[in-house]
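Engineer: could you work out the structure for the sequence below:
(chains A and B)
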Amino acid sequence: MPETDYLNASYGIKSWLLTTDHKRIALLYLFSVTFFFFVGGIFATMIRIHLLTPGGYLVTPETYNKLFTMHGVAMIFFFLIPSIPAVLGNFLIPIMIGAKDLAFPKLNLLSWYIYLIGGGFVLYSFSTGGLDTGWTFYTPLSSVYSNSAVTAAVIGIFINGFSSILTGLNFVVTIHTMRAPGMTWFRLPLFVWSHYATSLIFILGTPVIAITLLLVALERVFHLGFFNPALGGDPILFQHLFWFYSHPAVYIMILPAMGVISEIIPTFARRPIFGYSFIAGSSIAIAVIGFLVWAHHMFLTGESLYAAIAFSLMSYLVAIPSAVKVFNWTSTLYKGSIALDTPMLYAMGFIGLFLIGGLTGLFLACLGLDIHLHDTYFVIAHFHYIMVGGAVMGYLGGLHFWWPKISGRMYPEFLARAAAIILFIGFNLTFFPQFLLGYMGMPRRYHSYPPELQVLNVMSTAGASILALGYLLPIIYLVWSYKFGRVAGPNPWPATGLEWKTQSPPLTENFDVTPEVDWEPYDFEHRPDLALEPGVGGLLPAHGDD
Amino acid sequence: MQSQLPLFPEQASNFAPHVDALMGFIILVCLGFAVAVTIAVIVFLYMFRRKSPGAIGVAIHGDMRLESAWIGVPLILSLAMFAWGAIVYVDFRRAPTDTLDIYVIGKQWMWKLQQPNGLKEINELHVPVGQNVRLIMSSEDVIHDFSVPAFRVKMDVMPGHYNTLWFRPTRPGKYHFYCSQYCGTNHAIMGGWVTVMEPDEYTAWLAGSGGANVSPVVAGQRLFAEKACLTCHQSDGKGSAPSLNGVFGGQVRLASGAVVTADEGYIRESILNPNAKIVAGYQPSLMPTYQGQLTEEQTLDLITYVRSLQGEPVPSSGAGVIQTAGKN
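Structural biologist: This is a model prediction of the structure:
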């Protein structure tokens, strides 16, 4: 282990709570998003136990409604949205581009405090009456009829929005202005490209959800008629505003995970990524087209026929860049020199689950099918495949990939591979039956269901218990490895990015001297510093058909 | 525990075979992609596994032909899914004209349904097989959603607004209907059964259980008198408000110059928020709002009554309806 690094540069609680080091702030985020992940996870566990029997097993209808609402709010706003950007993005973006820190280090710390204050409001709401509106806060249920602690929750999410906006702003400015000499736009790691796209959505989308939820609070507290038809408002207006952010927010959750996968695959296939500019461009395309599909959540609200047709068409178009990524990742395996280390297992799991999640999106974008599938468990299964199968697998894959950099130590490989496989199996067992439930017509957010649907529900709950084990394992062995893991060295895989050119864990300033970049991304061939053997891998000579 | 593993819902409406065929098509296309990618990944992982610890792969940076192919082919298949889906959806959103109309009101946490003869049902809906049925739906409080999986149909039920949903039952039987839009505490038990009957059974059922019902037209007519609507809305068009004879279903010219179709939504708005749309040639602000003074059911009765005036003679002036060749 290096003598000084960002972890032992200073000691004491103040050195953490007042730090402006992006790496320490990333760790602060790591602890806080992990906390919310377990809060949301406990709610999810209770939901699955409750649904073991058709009449509902565990809790009253009121409590059940609060469980799925609080599960959604904790997971989406306080885990999925910040997870990869605020933890891995924060830690890695400056190092990946050869900078000492983000452009606005104090703003970065402020973002974390804002997140904490927003999270505090939401936890206050959870513990004083709970929240039973659904994470979607549809009006007038949320603004008039709900008896739960809606106001505190929406204020919490409003506040938390500023954390996203500031993080996005910080990333955009940093990527524009702080790249090391030689780090041109097309030498940027694809992780950075995907975070650039994500940041655009943070900056352009988050203000809309913030102001919308503020309007809900105003209608609730002061009876101003924005959404309540009895006061002259329009409940559909809320849905437009809500989904204008919340659909792009799905891309906030998945784009960073795609960035992680784009780093892992070339590293473990030891060859340049196939179609670099297409993967980079598709991230931007997803961020842009993603803003033009929101009303596909509203095909059955009675919206205009022509609006529905236009939004269905746009939804099919946004599927194309995702398909492009999958094809390019798959092609990157071709003639690689592939090792299935833990991060690569997660990346392969990601491709499988994201494939199912993405393809089932085509069912829901289809106007004729959405009539039947809308608001059923098919939707639940679809977005869990994207957000848990995609985003969480990507997050865990990334956490393992960069864990040696973050902690300076290796995690136990056998346990880690086992956890990745357990998660993959548990995930499919939990969520695949929900596609079938959805096609049978089981509506979402039901605390009880017809008895003929019990078998599928029991299968789903059984899968969830395997999934829960899969999530507990990494927590245990990662904490263990922080103290007892094998020392990793600067570049254990080896990988080609700048973050692997500095020590593990890095210095507070990241680099002794500002690095200069004179190599192309994911180029293993012309990197004698990696000490690999050009010409040995693959079935054909290395310089075959380039 | 039930032992069966249900995978496929019953098909009981005109839409069910269309939706299922569409489902089959999209499943086939998606399965094709998923299997192709999965096989490619597995084969590559095996063929190109690392042979020695220091080995690197072959540097292939990309291929424009491949990129164009995997942008182009999915695009074409996507557009096919889009187009087929749009065709089914347009059919679903455009009800035929010969429908049996049933009024539906959702409220936390029950459904009130009214047959054309005034028979009221709660959480039950009886319809004849083979007949086009249209549900005209509104909510008294939050957003609900009327969903019948066996018919493959659903539609949100909004407060302050009418949404319609149509289907043609094709098989007698009893089918679940659900509330599909989360609406609060008892959302999960806000459902019931649709009973599809043979037409003669349906007629007998209507006659047999409809004895004590006042038809909504009669109820609406009573309200029309009670609320003094007829003071201004005189049938000969000489009152200070337009005659309502022949208005329903017609095109109405407004003071703003715009033309609107007089459907349920228009009549409802004109009752609850009269100044929103003023008929050309009439004074605004004469009619008081009935917002909060009528229940949803009373509003529906009034609308049904106005609708029944279609057969009445339309006055030569003062109805606000644009005269067309078929109407005088």
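
Engineer: B:Leu309 is in contact with B:Val217, correct?
Structural biologist: No: between B:Val217 and B:Leu309 there is no contact under Cβ atoms under 8 Å: 9.4 Å. In this view, the C-beta of every residue, glycine as well, is placed from N, C-alpha and C.

Engineer: those two: which has the busier surroundings?
Structural biologist: Just comparing B:Val217 and B:Leu309: by other Cβ atoms under 10 Å in any protein chain shown the higher neighbour count belongs to B:Leu309, 22 against 18.

Engineer: and the gap between the more buried one and B:Asn132?
Structural biologist: 23 Å (Cβ to Cβ, to the nearest Å).

Engineer: chain B contacts on the stretch 1-150 of chain A?
Structural biologist: A:61-62, A:65, A:132, A:134, A:136, A:138, A:140-141, A:144-146 (Cβ under 8 Å from any Cβ of the partner chain).

Engineer: just the ones of the residues you listed in helices?
Structural biologist: Those of the residues of the stretch 1-150 of chain A next to chain B mapping onto helices are A:61-62, A:65, per DSSP state H.

Engineer: drop anything exposed from those residues.
Structural biologist: Buried residues within those, counting neighbours by 16 or more other Cβ atoms under 10 Å in any protein chain shown: A:61-62, A:65.

Engineer: export the residues you listed to a markdown table and tack on pLDDT?
Structural biologist: A markdown table is the format used below for these (pLDDT from 0 to 100):
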| residue | pLDDT |
| --- | --- |
| A:Pro61 | 94 |
| A:Glu62 | 93 |
| A:Asn65 | 96 |
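
Engineer: now, which of these sits nearest A:Phe291?
Structural biologist: Nearest to A:Phe291 among these is A:Asn65, at 31.0 Å by Cβ to Cβ.

Engineer: gap between that closest one and B:Trp109?
Structural biologist: In terms of Cβ to Cβ, A:Asn65 sits 12 Å off from B:Trp109.

Engineer: where do the strands sit along the stretch 151-300 of chain B?
Structural biologist: Secondary structure of the stretch 151-300 of chain B (DSSP state E, counting those that start in this stretch): strands at B:153-157, B:163-167, B:173-179, B:192-197, B:251-253, B:259-261.

Engineer: one more: the stretch 1-150 of chain B?
Structural biologist: B:100-107, B:110-114, B:120-122, B:124-128, B:133-139, B:144-148.

Engineer: show me what the last one pairs with in its sheet, parallel or antiparallel.
Structural biologist: Sheet partners assigned to strand B:144-148 using DSSP bridges are listed as strand B:153-157 (antiparallel), strand B:173-179 (antiparallel).

Engineer: one more: the shortest one?
Structural biologist: Strand pairing for strand B:120-122, using DSSP bridges, gives strand B:110-114 (antiparallel).

Engineer: and for the longest one?
Structural biologist: Each strand paired with strand B:100-107, and its direction, by DSSP bridges: strand B:110-114 (antiparallel), strand B:133-139 (parallel).

Engineer: poorly predicted segments of the chain, please.
Structural biologist: No chain in the question, so chain A it is. Of all residues in chain A, those with pLDDT under 70 make up the ranges A:534-546.

Engineer: wrong one, I was asking about chain B
Structural biologist: B:1-4, B:210-213, B:317, B:323-328.

Engineer: name the single longest helix found in it.
Structural biologist: Longest helix in chain B, counting by DSSP H: helix B:15-47.
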